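> A predicted structure for the sequence below; I have some questions about it.
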Amino acid sequence: MRRRALLSTLATASIAGCNGLADDSGRTTRPPLDVETPTPTATESPFAEPTVVPTPTTRTEVGPDKRLVSLRATDVPDGLATEAGFVGAATESHPALLWIGLRNVAESDRTVEFGATPPVSSYRLRGGDLPLYVVPVSRPEPTEGVRLWNDCWKTRSQSVVDAEDTTRSVTIPPGATVGGLYGVVVMRGADVCLPTGQYELAGDGGWTLGLSVFPRRGTEPGSSQFTDPSTPALAANDGVVRWFHEADAETSRYLDPSAEQVGLTNGRLRATLSNYGPGSLVHDGAWALLHRYDGDWKIVAPLVARPEDGETVVRPGETDTTTFDVDSRPRLDYGDPATIGGLTPGRYAVAYPRVDVWRGNTWTSTDIFAALVDLVGDAPELAPSGMVESTTRSGDTLQVTARGDSGPSDALVVVERTATLPDRSLVLPQVLQFEALRDTLGYLVEDDELRRVELRTPDVRRERLANGAANLGLPTVPDGVAFAFGGRGYRVEFEAA
């Protein structure tokens, strides 16, 4: 998949250790490690953990109810790959155990400079509001240097964070791994156990590994006011639709609305993509507001092209919020696509249609995340906008001129009634997204004697309607499109300035 490069893959580790020497200057050095290709036993190295396949997440059985997740490694030297994952939850016998390995994926030997405890010799993690540490441990007694105090694993002393002036040159054969086992703890005397946050672990040689610590979940779904099982289906891709109102106590990823009922007078809705799962969510910035009408969904916004917002990676324990301003009054300013006017009372859905879902370090699907919301208040009317400057009538044809701040009114939009009823219908919230329809249909629906309205308006408004018609998939006719509205058929023709 296109984003698999975001995360490194997990694999079973193969490692060996080494012994230390001192040169004449007193600086500790070590000869190259002899890394064996057969699977070693745990007694061959204090850093060996060959019997457990790394997993992406673990929970604690002592201390606070937290999840810990290893994320992708960055800045890994060419020819090397990281293998990282939790191999044990925190219990009364040991802290949460993190396996980290550096594997040679090249076709020739690689020589790497390591510190005291390869492949990680810097024990304090960067990031987070409070400090977090990793401490090298070994099987079968992974408690050296740490202790359990009041259900919290801590360092026995502060000396564990002192960097040792120790380096070693390690030669890693192709396919072999140098790895270590580390306990995740807080410093002796810390007031908080396993502080929540996003951390970065510095590996020997300059690469880094992400680590997330977070509560098992944030907002509790399951308290939604919506229980209707007959919610119309959204057009789905190969993934699934993840509705907030269908979430239960085991749901770890969802789109959480700030409210499920919002007023239509300067209303505000915040939709928060929440991730409490073991892998990341990658949101490409796309969203949609849909109106439930006659047993189906009608997309209301955005109906025109907008610049891409870029990808947002929501790591385990993180959230990402988009704020929508909603109103029944139609808009005249189109600067912010998340400000949506011309909405009617009723049932709506906010949807993120393309969210890549990762399980640990493996891409699983591209899903739709969605939440229901009821908009309440007075319904708007379909009426010409305040930008209309003049009207001239000739028989059953009305000529309208509408000004704007984006150029002269020299583009032409013609809307006329048709004898046949097209098979695609628009609803009022869709119509009110376009001034060009307000300034044409607004006259036609009020006057049965009118058959045709010719609108002169700035070209940007003609273009917005033309693009919106294409995005809605309206049936095309020569020089334009056709649609039904209010039980009548209409034809639209466009002529650029």
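Nice, I can see it.
> quick one: low-confidence ranges for the stretch 1-150 of the chain?
Within the stretch 1-150 of the chain, the segments meeting pLDDT under 70 span 1-53.
> Tell me where the model's unsure across the stretch 201-350 of the chain.
Across the stretch 201-350 of the chain, the ranges flagged by pLDDT under 70 are 218-222, 229, 235-238, 305-309, 332-334.
> what residue ranges in the stretch 351-497 of the chain are flagged as low confidence?
Along the stretch 351-497 of the chain, segments meeting pLDDT under 70 span 497.
> quick one, strands of it?
Secondary structure of the stretch 351-497 of the chain (DSSP state E, counting those that start in this stretch): strands at 362-376, 388-394, 397-402, 411-418, 452-457, 476-477, 480-485, 488-495.
> Include mean neighbour count when you put those strands into a markdown table, please.
(Each C-beta comes from the backbone N, C-alpha and C, glycine too.) Shown next, in a markdown table, are the strands of the stretch 351-497 of the chain (neighbours: other Cβ atoms under 10 Å):
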| stretch | mean neighbour count |
| --- | --- |
| strand 362-376 | 20 |
| strand 388-394 | 13 |
| strand 397-402 | 19 |
| strand 411-418 | 19 |
| strand 452-457 | 23 |
| strand 476-477 | 12 |
| strand 480-485 | 20 |
| strand 488-495 | 18 |
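> And those strands: which comes nearest Ser212?
The closest of the strands of the stretch 351-497 of the chain to Ser212 is strand 362-376. By Cβ to Cβ, the value is 16.2 Å.
> Return that closest one as PDB; C-alpha atoms alone will do.
Output in PDB follows, covering the C-alpha atoms of strand 362-376 (Å, rounded to 0.1, in the frame of the first residue of the first chain):
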ATOM      1  CA  THR A 362       0.800  -3.200   9.200                       C
ATOM      2  CA  TRP A 363      -1.700  -1.400   7.000                       C
ATOM      3  CA  THR A 364      -5.100  -3.100   7.300                       C
ATOM      4  CA  SER A 365      -7.700  -1.000   5.400                       C
ATOM      5  CA  THR A 366      -9.000   2.400   4.300                       C
ATOM      6  CA  ASP A 367     -12.200   3.000   6.200                       C
ATOM      7  CA  ILE A 368     -14.900   5.600   6.500                       C
ATOM      8  CA  PHE A 369     -15.300   7.200  10.000                       C
ATOM      9  CA  ALA A 370     -18.700   8.800  10.500                       C
ATOM     10  CA  ALA A 371     -21.000  10.300  13.200                       C
ATOM     11  CA  LEU A 372     -24.600  11.300  13.200                       C
ATOM     12  CA  VAL A 373     -25.900  14.700  14.300                       C
ATOM     13  CA  ASP A 374     -29.300  16.400  14.300                       C
ATOM     14  CA  LEU A 375     -29.500  20.000  13.200                       C
ATOM     15  CA  VAL A 376     -32.400  21.900  14.800                       C
END
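> Neighbouring strands - and their directions - for that strand?
strand 241-243 (parallel), strand 261-263 (parallel), strand 346-359 (antiparallel) (DSSP bridges).
> packing partners for the helix or strand just after the first one?
Put plainly, it is strand 241-243. Past strand 241-243, further along toward the C-terminus, the next helix or strand under DSSP states H and E is strand 253-257. The contact analysis (3 or more Cβ pairs under 8 Å, 6 or more residues apart in numbering; DSSP states H and E) places strand 253-257 against strand 241-243, strand 267-275, strand 346-359, strand 362-376.
> Any idea which of those gets closest to Ala233?
Among the helices and strands packed on strand 253-257, strand 241-243 comes nearest to Ala233, with 7.1 Å by Cβ to Cβ.
> In TSV, list the strands of the stretch 351-497 of the chain along with distance to Gly145.
Below are the strands of the stretch 351-497 of the chain laid out as TSV (distance: least, Cβ to Cβ, whole Å):
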stretch	distance to Gly145
strand 362-376	33
strand 388-394	78
strand 397-402	75
strand 411-418	74
strand 452-457	74
strand 476-477	72
strand 480-485	72
strand 488-495	74
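> Gly183: which of those strands is closest?
Distance to Gly183, taken as Cβ to Cβ, is lowest for strand 362-376 among the strands of the stretch 351-497 of the chain, at 25.7 Å.
> With Thr177 as the reference, measure out to Val388.
Separation of Val388 from Thr177 (Cβ to Cβ, to the nearest Å): 73 Å.
> With Leu474 instead?
Note on Leu474: its distance to Thr177, by Cβ to Cβ, is 59 Å.
> Repeat that for Leu343.
57 Å.
> who's in contact with the nearest residue to Val388 once chain neighbours are set aside?
Counting by Cβ to Cβ, 6 or more residues apart in numbering, Ala402 is the residue found nearest to Val388 once chain neighbours are left out, at 5.0 Å. When contacts are counted by Cβ atoms under 8 Å, 6 or more residues apart in numbering, Ala402 touches Ser385, Met387, Val388, Glu389, Ser409, Glu435, Asp439, Leu455, Arg456, Thr457, Pro458, Arg461.
> Distance to Gly335 added to those residues, as CSV?
Shown next, in CSV, are the contacts of Ala402 (distance: Cβ to Cβ, whole Å):
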residue, distance to Gly335
Ser385, 17
Met387, 16
Val388, 22
Glu389, 23
Ser409, 21
Glu435, 15
Asp439, 20
Leu455, 23
Arg456, 24
Thr457, 19
Pro458, 16
Arg461, 15
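> between those residues, which is closest to Thr91?
Using Cβ to Cβ, those come closest to Thr91 at Glu435, 64.8 Å.
> residues near that closest one, how many?
For Glu435, the neighbour count with other Cβ atoms under 10 Å is 29.
> Contacts only, for it.
Here Glu435 is in contact with Pro330, Leu332, Ser385, Met387, Ala402, Thr457, Arg461 (Cβ under 8 Å, 6+ apart).
> Likewise for Pro118?
Applying Cβ under 8 Å, 6+ apart to Pro118 gives the contacts Phe47, Leu102, Arg168, Val170, Val178, Gly179, Gly180, Asp204.
> Mind naming the longest helix for this protein?
Assignment by DSSP state H gives helix 459-472 as the longest helix of the chain.
> contacts for that helix?
Helix 459-472 is contacted by residues 299, 303-305, 334, 402, 404, 406-407, 410-413, 424, 426, 430, 433-437, 481, 483, 492, 494-497 when judged by Cβ under 8 Å, 6+ apart.
> Of the strands of the stretch 351-497 of the chain, which is nearest Ala349?
strand 362-376 (5.2 Å).
> what's the angle from that closest one to strand 267-275?
In terms of direction (axes from the mean of the first three to the mean of the last three Cα atoms, to 10 degrees), strand 362-376 departs from strand 267-275 by 160 degrees.
> quick one: strand 362-376 to strand 253-257, angle?
Here strand 362-376 points in a direction 20 degrees away from that of strand 253-257 (the same axes, to 10 degrees).
> before we move on, the earlier item: go through the strands of the stretch 351-497 of the chain and name the closest to Ala106.
Of all the strands of the stretch 351-497 of the chain, it is strand 362-376 that lies closest to Ala106, at 23.5 Å by Cβ to Cβ.
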